[in-house]
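# Here is a sequence together with a model predicted from it:
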Amino acid sequence: MKKAFFQLHIAIFLAGFTGVLGRLISLNEGLLVWYRLLISSVTMWILFSLTKKLQKIKTRDITRLAVLGFITALHWVGFYGSIKYANISVALVCFSSVGFFTALLEPLFYRKKINAGEVLLGLLVIAGIYIIFHFESRYKTGIIMGMISAVLLAIVMIVIRQFVQRINPETLLTYQLSGGFIALSFFMPFYIHQFPAYSLIPGFKDWMWLLVLSWFCSVWAFQLSVAALKKLTAFTVNLSYNLEPVYGIILAFVIYKENKELGWSFYIGLILIVLAVGLQMWRMWHQSKAVYKKQ
């Protein structure tokens, strides 16, 4: 059990570290995501084929996962764009709004009743982001991109639930990222035309950080999460992943001293967001405890 918790928090730490890597890599957000998808998908095809973890799936599922992969790719473009146009801390604060958009959009997808508690906590997150948006005008473009990224990730998280019961995680992620890479490849010429890049080919340092991002923060982090799920409940894993923005912001403060760049409005907004995340974690724990008692 201790090993599973350790694996889980290493995975969450690596997920939080992606923000730091997004700032380290000098490529624009579109190219950064394109290379990340290329390296990650090729690595997964080789690794999971050798370990015989890839299963055969229907053509219809492949197509749907490819579309989902493209939405995932756009989410990453928005996330790294938020880092480039604002900073890591602002991008991760926007990332925290995923829960709100999930609570809002999921009932529309599955015709369920809206969970008022989740929406209220989500509104607390939005209030925090609004305070930052209103007073930190220099970050507005980054915040807008971060919010769009959060909406796209919420859609991915909602739709992917249709596949997790019948497709193993390795197959699902491999086809998802491969589809995202192929779809993004078609759009890259238009993207480069609209947002010209200083260089299309990464330098040595960029290659090094791209490999860290793809191999450690994508492939290895995924394997750690799957390993942890074998010992821990899905509830525990989902609850723990609420710490991802917290880890990322702490790393941004330590490595880039972003705390010196941010005004009072950021900290007020951050307090509201941390409060919302804390209350959501408490609600999830309380609900799981109630379910356990019924059993």
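All right, it came through fine.
# residues of stretch 141-161 that come out buried?
Applying a neighbour-count criterion of 16 or more other C-beta atoms under 10 Å, one finds 142-160 buried in stretch 141-161. (Glycine included, C-beta is placed from N, CA and C.)
# same question, stretch 178-192
If you call a residue buried by 16+ other C-beta under 10 Å, then stretch 178-192 has these buried ones: Ser178, Gly179, Gly180, Phe181, Ala183, Leu184, Tyr191.
# Would you point out the helix or strand in this structure whose mean pLDDT is lowest?
Using mean pLDDT, DSSP states H and E, the weakest-scoring helix or strand in the chain turns out to be helix 234-240, at a mean of 64.
# I'd like the next helix or strand past that helix.
With elements assigned by DSSP states H and E, the helix or strand that comes after helix 234-240 is helix 244-256.
# ok now that next one, how far from the chain's centre?
Offset of helix 244-256 from its chain centre (C-alpha atoms, centre = their mean, to the nearest Å): 15 Å.
# Please list the outside residues in contact with that helix.
With contact meaning C-beta atoms under 8 Å, 6 or more residues apart in numbering, helix 244-256 is reached by 12-13, 15-20, 23, 87-89, 92-93, 95-96, 258-259, 270, 273-274, 277.
# Got a quick ChimeraX command for the buried subset of these?
Applying 16+ other C-beta under 10 Å to these, the buried members can be selected in ChimeraX as follows:
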select :12,13,15,16,17,18,19,20,23,87,88,89,92,93,95,96,258,270,273,274,277
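# Out of the contacts of helix 244-256, name the ones that lie in helices.
12-13, 15-20, 23, 88-89, 92-93, 95, 270, 273-274, 277 (DSSP state H).
# Can you pull out the low-pLDDT segments for the stretch 51-200 of the chain?
Counting by pLDDT under 70, the ranges of the stretch 51-200 of the chain that qualify are 135.
# for it, what spans make up the helices?
For the stretch 51-200 of the chain, the helices defined by DSSP state H, counting those that start in this stretch occupy 59-85, 88-95, 98-110, 116-135, 140-159, 169-194.
# quick one: which of the buried residues of stretch 178-192 is nearest His75?
Taking C-beta to C-beta as the measure, His75 lies nearest Gly180 of these, at 9.4 Å.
# Just confirm the closest one contacts Ala66, I think it does.
Yes - Gly180 lies in contact with Ala66 (C-beta atoms under 8 Å); the separation is 7.5 Å.
# The helices of the stretch 51-200 of the chain: which one's closest to Phe266?
Ranking the helices of the stretch 51-200 of the chain by proximity to Phe266 (C-beta to C-beta) places helix 116-135 first, at 5.3 Å.
# Fine by me, we can end here.
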